[in-house]
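*Asks:* fold the following.
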Amino acid sequence: MAQKVAAWYKGGGQSDISTLGTDINQLGTDGRAKNLSAVGGDCAILASATTSAVDYGPIPDPEAQSHWAKALADYTTGTSLCYAGIAKMNATETGKGIADVIAGNTQMAALTTRVNAIGAGAQ
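*Replies:* Sure thing, here's the model as predicted:
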């Protein structure tokens, strides 16, 4: 299992995870600065990165894949709500979108824990 997960990671998973992390950090930076125009753009960029990650394919470990799929689903929903909320100047919708992105981050943390455990020999 470790070799299959490592191949997934090295074959494109690492790049997707890194891109998602960078995009989420930028969203957080712009959100804390209350730069709504940038937040809307950040949500669109994160949506694109999420689509790319979905297109790459599943992780060959059921537990890791569960976290990955949930994270990507949360990011998909969250970025859609965020972008729409910013466009309509609807703080409730934007806030729900950001909450969904944060939920995705929780799944990404669980994914990282699982992938590290696989790398350490856990099955």
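*Asks:* ok, residue 16 touching residue 55?
*Replies:* No: using C-beta atoms under 8 Å, residue 16 is not in contact with residue 55, being 9.2 Å away. From N, CA and C alone the C-beta is placed, and that goes for glycine too.
*Asks:* for those two, work out which one has more neighbours and name it.
*Replies:* Neighbours per residue (other C-beta atoms under 10 Å) separate residue 16 from residue 55, with residue 16 holding more: 19 against 9.
*Asks:* in which helix or strand does that one reside?
*Replies:* Residue 16 is located in helix 14-32, with elements delineated by DSSP states H and E.
*Asks:* name the helices or strands packed onto that helix?
*Replies:* Counting contacts by 3 or more C-beta pairs under 8 Å, 6 or more residues apart in numbering; DSSP states H and E, helix 14-32 is packed against helix 36-56, helix 91-119.
*Asks:* please repeat the previous calculation with a cut-off of 10 Å.
*Replies:* In terms of contacts (3 or more C-beta pairs under 10 Å, 6 or more residues apart in numbering; DSSP states H and E), helix 14-32 is packed against helix 36-56, helix 62-88, helix 91-119.
*Asks:* buried residues of it, list them for me.
*Replies:* Neighbour-count burial for helix 14-32 flags 16-17, 19-20, 23-24, 26-28, 30-31 (criterion: 16 or more other C-beta atoms under 10 Å).
*Asks:* likewise stretch 53-71?
*Replies:* 53-54, 56, 59, 61, 63-68, 70-71.
*Asks:* pull the residues that contact that stretch.
*Replies:* Stretch 53-71 is contacted from outside by 1-9, 11-13, 15-17, 19-20, 50, 72-73, 75-76, 101, 103-115, 117-118, 122-123, using C-beta atoms under 10 Å, 6 or more residues apart in numbering.
*Asks:* for stretch 93-109, same thing?
*Replies:* Contacts with stretch 93-109, where a contact means C-beta under 10 Å, 6+ apart, come from 17, 20-21, 23-24, 27-28, 31, 36, 39-40, 42-43, 46, 50, 66-88, 90.
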